[in-house]
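> this one's structure only:
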């Protein structure tokens, strides 16, 4: 979940340090004077805080009036100087939180923030079914195979991020030469498992990479591929690898858009979907777990829905985690 804080106060920034350290949240700070410019860049249903404490009373009123009109965002008010005489006015104007001077003396609590988010969501307009349908129309369906996909064109794909865990331990255990062999075997194993489901390894770094699956708007075989990788982890560690160790890796799945280029020509690509899946896989995901974003969760095969648990919100998206295998 992204949180944007507009403040010129160092104590305010310090108060958010505990929340910044929590992997479920990302906090960005801007000067109060940048509010009108930066708020236009925020995605709908964002949580933002504005420090009104340093503003003169007339400017506080104007800013509250401006914030009251931002009904597609959750808005919190900060009073770093203790200069706002009536905190209730902020709530009357649709704010979901008020952080006074006293609260800023200690780090803000993550549990408190969760309550703010729950309350703030209730203040936002409901997402109508028509809006969801419109969002789906933004998909540029790539189909159920690779036949019609051409380099240079934008498509909607199912993304799979996969990366090996315990990387320092692997480097220490195998050394540079043997580690390269291990990673190559892991790469080839993943490629062989996803290939029958139309998956192609698209980008590969040292310990993992990004795999694309064509998307026809309905079927997401990438989910089954992810589940199989998790279920077979112990088997392939024993049967396919001869290293006397059970390998661990993280998987993140998402549906999004990107311009397609052939493997090896992807270095210049810029895509929100690519950034999102890498952030989810590298910054949020915990070792040995499989995660889905909310749009991927809609395509979980019938009967497997209870295999996934709500894991919170990250970068504005609801995240689901596969139950740990016993």
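It's in. Note that the structure is predicted; figures quoted are calculated from it, not measured.
> tell me how far the closest residue to residue 290 other than its chain neighbours lies from residue 215.
With sequence-adjacent residues excluded and distances taken as CB to CB, 6 or more residues apart in numbering, residue 290 is closest to residue 322, at 4.0 Å. In short, each C-beta sits where N, CA and C put it, glycine included. For residue 322, the distance to residue 215 (CB to CB, to the nearest Å) stands at 20 Å.
> more neighbours, those two?
Neighbours were tallied for residue 322 and for residue 215 using other CB atoms under 10 Å; the higher tally belongs to residue 215 (26 against 22).
> that one touches residue 139, doesn't it?
Yes - in this structure residue 215 lies within contact range of residue 139 using CB atoms under 8 Å: 7.3 Å.
> okay, and the common contacts of the two?
156, 255 (CB atoms under 8 Å, 6 or more residues apart in numbering).
> and the pLDDT at the residue nearest to residue 290?
Each residue has a pLDDT score; the one for residue 322 is 92.
> same check, this time on residue 240
Residue 240 carries a pLDDT value of 64.
> same check on residue 34?
The score at residue 34 is 92. That number is its pLDDT.
> list the contacts of the closest residue to it other than its chain neighbours.
When the adjacent residues along the chain are set aside, residue 34 lies closest to residue 6, with 6.9 Å between them (CB to CB, 6+ apart). Contact criterion CB under 8 Å, 6+ apart gives 29-32, 34-35, 38, 48-51 as the residues in contact with residue 6.
> try 7 Å this time
With contacts taken as CB atoms under 7 Å, 6 or more residues apart in numbering, residue 6 has the following neighbours: 30-32, 34-35, 48-51.
> okay, the residue nearest to residue 290 and residue 307: tell me how far apart.
Using CB to CB, one obtains 6 Å as the distance from residue 322 to residue 307.
> same check, this time on residue 4
34 Å.
> the two: who's more crowded?
Under the criterion of other CB under 10 Å, the comparison of residue 4 against residue 307 puts residue 4 first, with 20 against 16.
> ok, the more buried one - contacts?
Taking CB under 7 Å, 6+ apart as the contact definition, residue 4 lies against 28, 30, 42, 46, 48.
> bridging residues for it?
Assessed by DSSP bridges, residue 4 has beta-bridge partners residue 28, residue 48.
> measure it to residue 25 for me?
Remark: distance between residue 4 and residue 25 (CB to CB) = 11 Å.
> same check on residue 45?
Using CB to CB, one gets 15 Å for the distance from residue 45 to residue 25.
> same deal with residue 46?
Distance from residue 46 to residue 25, counting by CB to CB: 12 Å.
> equivalent analysis for residue 171, please.
The spacing between residue 171 and residue 25, counted by CB to CB, is 30 Å.
> looking at the two, which one has more neighbours?
A direct count of neighbours by other CB under 10 Å for residue 171 and residue 25 places residue 25 higher, at 22 against 13.
> surely the more buried one touches residue 3?
Yes - contact criterion CB atoms under 7 Å: residue 25 and residue 3 qualify, at 5.9 Å.
> okay, and the common contacts of the two?
Residues touching both residue 25 and residue 3 comprise residue 19, with contact defined as CB under 7 Å, 6+ apart.
> wait, doesn't residue 156 sit right on residue 141?
Yes - the criterion here is CB under 7 Å, and residue 156 meets it with residue 141 at 5.8 Å.
> now the residue nearest to residue 290: phi and psi?
For residue 322, the backbone dihedrals (degrees, to the nearest 10) come out as phi -70, psi 140.
> please name the bridge partners of it.
Legend: beta-bridge partners of residue 322 under DSSP bridges are residue 308.
> so what's the residue count around the closest residue to residue 294 other than its chain neighbours?
Of all residues not flanking residue 294 in the chain, residue 318 sits nearest, at 4.1 Å (CB to CB, 6+ apart). Under the neighbour criterion other CB under 10 Å, residue 318 is assigned a count of 15.
> now residue 318: how far from residue 45?
With distances taken as CB to CB, residue 318 is found 11 Å from residue 45.
> show me where this structure has strands.
2-6, 26-30, 47-51, 74-78, 97-99, 154-164, 200-204, 208-214, 249-259, 290-293, 308-314, 317-322 (DSSP state E).
> which helices and strands does the last one pack with?
So the one you mean is strand 317-322. Contacts defined by 3 or more CB pairs under 7 Å, 6 or more residues apart in numbering; DSSP states H and E place strand 317-322 against strand 290-293, helix 294-297, strand 308-314.
> quick one, which of these gets closest to residue 259.
Taking CB to CB, helix 294-297 is the member of those nearest to residue 259, at 19.2 Å.
> neighbouring contacts of that closest one?
Contacts with helix 294-297, where a contact means CB under 7 Å, 6+ apart, come from 220, 223, 253-255, 308, 317-318, 320.
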